[in-house]
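Asks: generate coordinates for the sequence data below:
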Amino acid sequence: AIPGKDCDVWNLGKSKRSKDGQKGIVSSVSFPPISGSVFAVGTFSGSIYLYDDRAPSGGLSSSVLNHGVCIVGQGKNFSKKRRFNDETGEGDSGLFSAAKVKWFQKAAKGGITQLRFSHDGHFLYSASRRSNSVISWDLRMLSDPGAGSVRGLASYQRDGMTNQRLGFDLNQFGDRLFLASRDQTVKIYDVKANKMVACIEGLGDVANGVSYMERERLLAVSIGARRFQEHDYYDENTDQEEDSSATVTATPSGTLELYKI
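Replies: Next comes the predicted model:
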């Protein structure tokens with residue numbers, strides 16, 4: 001192996017000020033398990049784009065990833081929900097009403113923290129900062145030019161009102177979704193029935209990450225949150241001054257637990 005930088009650099013836009021392309025710091029990248037040609041990119045600005053890595057690279061112009069499909073975010077390729085279809089003039093079904101699409105878009109704009117494809121690549125799951133929902137997006141109609149925007153298919157609830165990353169995981173068959181939650185629990189959902197079937201409680205601290213091993217049926221849960229010691233501030237009603245040597249330090253916390261599912 002030759003050490004050093006051996007890679008292609010792809011930009012998400014022509015420049016930082018250009019209106020095209022995806023904006024924000026890249027926070028998550030995910031590839032579907034059945035194909036490596038398409039991948040999803042999430043940013044802290046709350047945008048999710050799909051790209052095709054078969055696009056040519058190497059030159060200055062070809063190193064820009066254009067023509068990405070925008071699921072959530074900004075840019076000229078972002079397809080907003082309309083009341084009527086442009087070509088047919090027919091109204092949309094009640095299942096994907098304008099209010100529902102707007103709710104899904106708003107729920108994912110807090111800053112993407114994790115992306116994960118389903119086992120068959122038909123769905124994309126996303127988690128966001130300060131959001132109580134993990135969203136699944138329907139990708140089955142991407143090849144249809146008249147399909148419009150990517151649909152938010154379902155939401156799976158948890159306590160996620162925190163800036164801390166809270167992870168999630170899927171089993172091998174994609175029918176069980178494991179959600180780490182701020183309320184010191186791990187919630188297990190049946191994806192097909194869209195309901196919670198189990199909950200691991202009493203963890204003692206915030207569950208911040210989960211990982212499931214299908215063969216051994218083991219669920220690994222990382223537990224802990226960053227906490228600070230109390231700081232003494234200057235009280236203007238007394239003669240006591242703040243100790244300049246006092247500092248705010250993080251209290252170490254964190255455990256890893258295994259559960260048989």
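Asks: every contact and neighbour count from this point should use C-alpha atoms.
Replies: OK.
Asks: any idea how far Asp8 is from the nearest residue to Ser27 once chain neighbours are set aside?
Replies: Spatial nearest neighbour of Ser27, excluding adjacent residues (CA to CA, 6 or more residues apart in numbering): Thr43 at 4.8 Å. Distance, Thr43 to Asp8, using CA to CA, to the nearest Å: 20 Å.
Asks: same drill for these two, tell me which one is more crowded.
Replies: Thr43 (24 against 10; other CA atoms under 10 Å).
Asks: where do the strands sit along the stretch 1-150 of the chain?
Replies: In the stretch 1-150 of the chain, the strands defined using DSSP state E, counting those that start in this stretch lie at 26-30, 38-43, 48-52, 69-72, 112-117, 123-128, 133-138.
Asks: can I get those strands in a markdown table including distance to Phe168 and mean pLDDT?
Replies: A markdown table is the format used below for the strands of the stretch 1-150 of the chain (distance: least, CA to CA, whole Å; pLDDT from 0 to 100):
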| stretch | distance to Phe168 | mean pLDDT |
| --- | --- | --- |
| strand 26-30 | 13 | 94 |
| strand 38-43 | 15 | 91 |
| strand 48-52 | 17 | 88 |
| strand 69-72 | 20 | 82 |
| strand 112-117 | 8 | 95 |
| strand 123-128 | 8 | 94 |
| strand 133-138 | 8 | 92 |
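Asks: adding distance to Glu216, write the ones you listed out as TSV.
Replies: Formatted as TSV, those follow (distance: least, CA to CA, whole Å):
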stretch	distance to Glu216
strand 26-30	24
strand 38-43	29
strand 48-52	33
strand 69-72	35
strand 112-117	21
strand 123-128	24
strand 133-138	26
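Asks: Ser222 is nearest to which of these?
Replies: Among those, strand 112-117 comes nearest to Ser222, with 15.8 Å by CA to CA.
Asks: returning to that earlier point: out of the strands of the stretch 1-150 of the chain, the one nearest Thr255 is which?
Replies: Of these, nearest to Thr255 by CA to CA is strand 112-117, at 21.2 Å.
Asks: that's all I had, so thanks and see you.
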